[in-house]
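Enquirer: output the structure for:
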Amino acid sequence: MDLKTLKTLHAIVRHGSFHQAAEELSYAQSTVTMQIQRLEADLGVRLFDRGKKVRLTEAGRLFHEQSLDIVRRMERLQSDLAELQSGEAGKVRLGVTEPTASFGLPRLLTAFMGLQPKVEVSLEIASTPLLVNSLRQGELDFALCSAPESGEELYFHPLFQERFVLLLPENHPLTGFERIELADLEGHRLLITAATCPYRKKLERILQDRGPLSIETMEIGSMMALRHYAASGFGIALVPLAALQPLPEGTQIRELRDVSVDMLMGLVSRTGPLSPAAHKLYENLRQALERI
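Expert: You can find the predicted model right below:
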């Protein structure tokens, strides 16, 4: 018994004729006859009375009624599998860092979901090291973050530079400076993120290369929280410009002129192929972000 044979039986019932069923299905009539004979042999019952008018037997009526739901379910399963293979449906596990998760990605995902409403996207928002670890463990399909430090099994597709600026309370002495250089931060408190954050590591390398500078630091574990602590007067925060839309009330921004901690951002994936749905989202984000 297979789906084609069940569809043949239903066509015979609709038309009351083997000949008309064969025409509808573009089969030779002998093929239709052979399918029904094989089905009857498999079931051990006669399904049709073959006279001037083809009619179902009592066993045939029972089989026809019960098989209608089977055909509907099988057709739905075939449709679902086709959508899965084409990427029209499926589940995608995406990792992303801040501030992209809060400020850039929502608009892009909304546009994608409008095009692919049957694709389910789940988000993991974390630092690059944590996202890379999730990728290696197979817990994510791909991630939008800074370049991983190493890993031959990972592929990084660069997309854009995350620009960093200084965020100062409006009453801070350095707001009087139009140009702020690293040395100007001496004697002031600089708010920084957790030790695992790639941009903090880059900043620490810069400070090490510059030699001893008396800059007090205060660790704030959340990149998104930095803006609020700067606005409250805790100190100066070095934050992504994208996170300052709109600019927090009571703050001003300045560029750090002599050094750059801008981070190259992109898509990170394992070297193997993505699922069709994940590939669709990957390409959608790649094309959108390359236009930035």
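
Enquirer: so how far is the first residue of stretch 134-149 from its last?
Expert: For stretch 134-149, the first-to-last residue distance is 15 Å (Cα to Cα, to the nearest Å).

Enquirer: what lies in contact with that stretch?
Expert: Contacts with stretch 134-149, where a contact means Cβ atoms under 8 Å, 6 or more residues apart in numbering, come from 92-97, 100, 105, 124, 126-129, 131-132, 151, 153-154, 156, 158, 162, 198-199, 263-270, 274-275, 278, 282, 285, 289. All C-beta atoms are positioned from the backbone trio N, CA, C, and that covers glycine.

Enquirer: what ranges do the helices span in the stretch 101-250 of the chain?
Expert: With DSSP state H, counting those that start in this stretch as the criterion, the stretch 101-250 of the chain has helices at 105-115, 128-136, 198-210, 226-231.

Enquirer: elements contacting the third one?
Expert: In terms of contacts (3 or more Cβ pairs under 8 Å, 6 or more residues apart in numbering; DSSP states H and E), helix 198-210 is packed against strand 263-270.

Enquirer: try the shortest one
Expert: Of the remaining helices and strands, those touching helix 226-231 by 3+ Cβ pairs under 8 Å, 6+ apart are strand 164-169, strand 189-192, strand 236-240, strand 251-254.

Enquirer: and the last one, average pLDDT?
Expert: Per-residue confidence for strand 251-254 averages out to 93 on the pLDDT scale.

Enquirer: so what's the closest residue to residue 206 other than its chain neighbours up against?
Expert: Leaving aside its sequence neighbours, residue 206 sits nearest to residue 259 (Cβ to Cβ, 6 or more residues apart in numbering; 5.2 Å). If you count contacts by Cβ under 8 Å, 6+ apart, residue 259 has them with 181-182, 206, 210.

Enquirer: low-confidence ranges, the stretch 151-292 of the chain, go.
Expert: 151-152 (pLDDT under 70).

Enquirer: wait, I meant the stretch 1-150 of the chain
Expert: Using pLDDT under 70, the stretch 1-150 of the chain has no residue that qualifies.

Enquirer: how about the strands in it?
Expert: 48-50, 54-56, 89-96, 118-125, 142-146 (DSSP state E, counting those that start in this stretch).

Enquirer: can you redo these as TSV with mean neighbour count?
Expert: Shown next, in TSV, are the strands of the stretch 1-150 of the chain (neighbours: other Cβ atoms under 10 Å):
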stretch	mean neighbour count
strand 48-50	13
strand 54-56	17
strand 89-96	21
strand 118-125	16
strand 142-146	26
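
Enquirer: any chance of the ones you listed in a markdown table, plus distance to residue 3?
Expert: Formatted as a markdown table, these follow (distance: least, Cβ to Cβ, whole Å):
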| stretch | distance to residue 3 |
| --- | --- |
| strand 48-50 | 19 |
| strand 54-56 | 19 |
| strand 89-96 | 21 |
| strand 118-125 | 23 |
| strand 142-146 | 36 |
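
Enquirer: and the angle from the helix ranked longest in the chain to strand 118-125?
Expert: With secondary structure taken from DSSP state H, the chain has its longest helix at helix 58-86. Taking axes from the mean of the first three to the mean of the last three Cα atoms, to 10 degrees, one finds helix 58-86 and strand 118-125 inclined to each other by 40 degrees.

Enquirer: packing partners for helix 58-86?
Expert: helix 3-15, strand 89-96, helix 276-290.

Enquirer: how does the protein divide into domains?
Expert: Split into domains by automatic domain parsing, the chain comes to 3-86, 89-160+265-290, 164-261.

Enquirer: measure the first one end to end?
Expert: Distances were taken as Cα to Cα; on that basis the terminal residues of domain 3-86 are 22 Å apart.

Enquirer: chain center to it: distance?
Expert: 42 Å (Cα atoms, centre = their mean, to the nearest Å).

Enquirer: got it, and the last one?
Expert: For domain 164-261, the distance between its averaged C-alpha position and the chain's averaged C-alpha position is 31 Å (Cα atoms, centre = their mean).

Enquirer: doesn't residue 119 make contact with residue 113?
Expert: Yes - Residue 113 lies in contact with residue 119 (Cβ atoms under 8 Å); the separation is 7.2 Å.

Enquirer: dihedrals phi and psi, the residue nearest to residue 206?
Expert: The phi/psi pair for residue 259 (degrees, to the nearest 10) reads phi -140, psi 160.

Enquirer: 726 is where my numbering starts, stick with that
Expert: Sure, I'll start numbering at 726, so the last one becomes residue 984.
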